[in-house]
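Enquirer: Coordinates for the following, if possible.
(one chain, ligands or ions: 1)
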Amino acid sequence: MTHAISIEAVSKRFASLQALDSISFTVEHGEFFALLGPNGAGKTTLISAMAGLSRADSGRIRIMGHDTVTQTRDARMKLGVVPQELVFDPFFTVRETLTFQSGYFGIRHNDAWVDELLYKLGLTDKANVNMRALSGGMKRRVMVAQALVHRPPVIVLDEPTAGVDVELRQSLWAFVKELNAAGHTIVLTTHYLEEAEALCSRIAMMKKGRLIALENKDTLLSRSAAREVSLQLSGPLPASLQPLSLRQQDGRHILALPDIAKLEQVLSELRLAAVEVRELSVHETDLEQVFVKLMHGGQL
Ligand SMILES: Nc1ncnc2c1ncn2[C@@H]1O[C@H](COP(=O)(O)OP(=O)(O)OP(=O)(O)O)[C@@H](O)[C@H]1O
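Expert: Just a heads-up that it's a prediction; the model follows:
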């Protein structure tokens, strides 16, 4: 069975920087999936490779079964991308922007569909206004409409709520939820755990080009006490942490933790010992706190 998105061992370097380091995961049809990670994690680089705008150095990406390199056009037709940056011609009207985008996809311009998009995004009375005369929030809405002109089954939104006011954020989310309910697969990148939690069923966490966790939201939201943490490390487990070690398994250290506060201490001792955490997973724990710590404290 094909996945909506399949990412297999995708890597990309920019000079000495490993922007993507063997990333693999799949997104299923109709899922609402979050890519969560701090600045520089590699989210935009991955999306750009998904959209065929740049090439990974190795690995394979398929959108609805179409390889983004060998079947670029087929893959692109299945994918709508709302970019982080507002990219448009300032002299086009809103309608012309959408018409132009239809041409880009080589599809016949469909006025009824464009009108419906304008209506759903609250842009009907702006259809003939030049893009440069719109507010930032309105421009953002046009970007969303633009991503949908070719009716893609898979939609990727790259931090669509960055710098957006609360009202627009809520109306955008309502719209995206509606798309998901209508069967579209949605991938959203965000810095905010709360946003990922509120909307998505699965959350992938990236940091420094690596996928460090992939969890169901329910697991993420479980509030039970920490029991075990599995760590893949760049070096040996420091002596100070040996008493916590339960076992080693597949190159990972499994530690027993009485509570989540202990994890902070473990991470800080690893930092002191200059041992890098390559992968971390926590079982039966308050993962939200772990994620918050990772995002805000930059602990890994
Ligand atoms: N064209 C490029 N040339 C060189 N380095 C790049 C290029 N594009 C991205 N990078 C670097 O690759 C890393 C990943 O960047 P990317 O934009 O993918 O991260 P991100 O997770 O999307 O971050 P943000 O949340 O800030 O958008 C960063 O260190 C960035 O500086």
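Enquirer: residues contacting Pro160?
Expert: Pro160 makes contact with Val82, Arg140, Met143, Val144, Leu172, Val176, Leu188 under the criterion Cβ atoms under 8 Å, 6 or more residues apart in numbering. Every C-beta, even on glycine, is put in place using the N, C-alpha and C of the backbone.
Enquirer: Which secondary structure element is home to it?
Expert: Using DSSP states H and E, Pro160 is not contained in any helix or strand.
Enquirer: tally of neighbours for Ala239?
Expert: 9 (other Cβ atoms under 10 Å).
Enquirer: cool, and the one 5 residues further on?
Expert: Neighbouring residues of Leu244 were enumerated by other Cβ under 10 Å; the total is 18.
Enquirer: Find the nearest non-adjacent residue to it, please.
Expert: Leu255 (4.3 Å; Cβ to Cβ, 6 or more residues apart in numbering).
Enquirer: Would you mind confirming that that neighbour makes contact with Leu233?
Expert: No. Taking Cβ atoms under 8 Å as the definition, Leu255 is not a contact partner of Leu233, at 10.7 Å.
Enquirer: Mind checking which of the two has more residues around it?
Expert: Leu255 (23 against 19).
Enquirer: Output the contacting helices and strands for the one helix or strand the more buried one maps to.
Expert: According to DSSP H and E, Leu255 maps onto strand 252-256. The helices and strands touching strand 252-256, judged by 3 or more Cβ pairs under 8 Å, 6 or more residues apart in numbering; DSSP states H and E, are strand 228-233, strand 245-249.
Enquirer: May I see the buried residues of the helix or strand just after it?
Expert: The element immediately downstream of strand 252-256 (helix or strand, assigned by DSSP H and E) is helix 260-272. Neighbour counts using 16 or more other Cβ atoms under 10 Å place Ile260, Leu263, Val266, Leu267, Glu269, Leu270 of helix 260-272 among the buried residues.
Enquirer: Any residues of the stretch 51-200 of the chain in contact with the ligand? List them.
Expert: The interface of the stretch 51-200 of the chain toward the ligand, taken as Cβ under 6 Å from any ligand atom, is made up of Gln84.
Enquirer: Can you show me the strands along the stretch 51-200 of the chain?
Expert: When assigned using DSSP state E, counting those that start in this stretch, the strands of the stretch 51-200 of the chain occupy the ranges 58-63, 66-67, 79-82, 154-158, 185-190.
Enquirer: CA atoms only: put stretch 174-184 into PDB for me.
Expert: What follows is stretch 174-184, C-alpha atoms only, in PDB (Å, rounded to 0.1, in the frame of the first residue of the first chain):
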ATOM      1  CA  ALA A 174     -10.400  25.900  11.400                       C
ATOM      2  CA  PHE A 175      -9.900  25.900   7.700                       C
ATOM      3  CA  VAL A 176      -7.000  23.400   7.800                       C
ATOM      4  CA  LYS A 177      -9.100  21.100  10.100                       C
ATOM      5  CA  GLU A 178     -11.900  21.300   7.600                       C
ATOM      6  CA  LEU A 179      -9.500  20.200   4.800                       C
ATOM      7  CA  ASN A 180      -8.300  17.300   7.000                       C
ATOM      8  CA  ALA A 181     -11.900  16.300   7.700                       C
ATOM      9  CA  ALA A 182     -12.600  16.300   4.000                       C
ATOM     10  CA  GLY A 183      -9.800  13.700   3.600                       C
ATOM     11  CA  HIS A 184      -6.700  15.800   2.900                       C
END
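Enquirer: Show the average pLDDT along that stretch.
Expert: Mean pLDDT, stretch 174-184: 93.
Enquirer: and what of stretch 46-55?
Expert: Per-region confidence: stretch 46-55 scores 92 on mean pLDDT.
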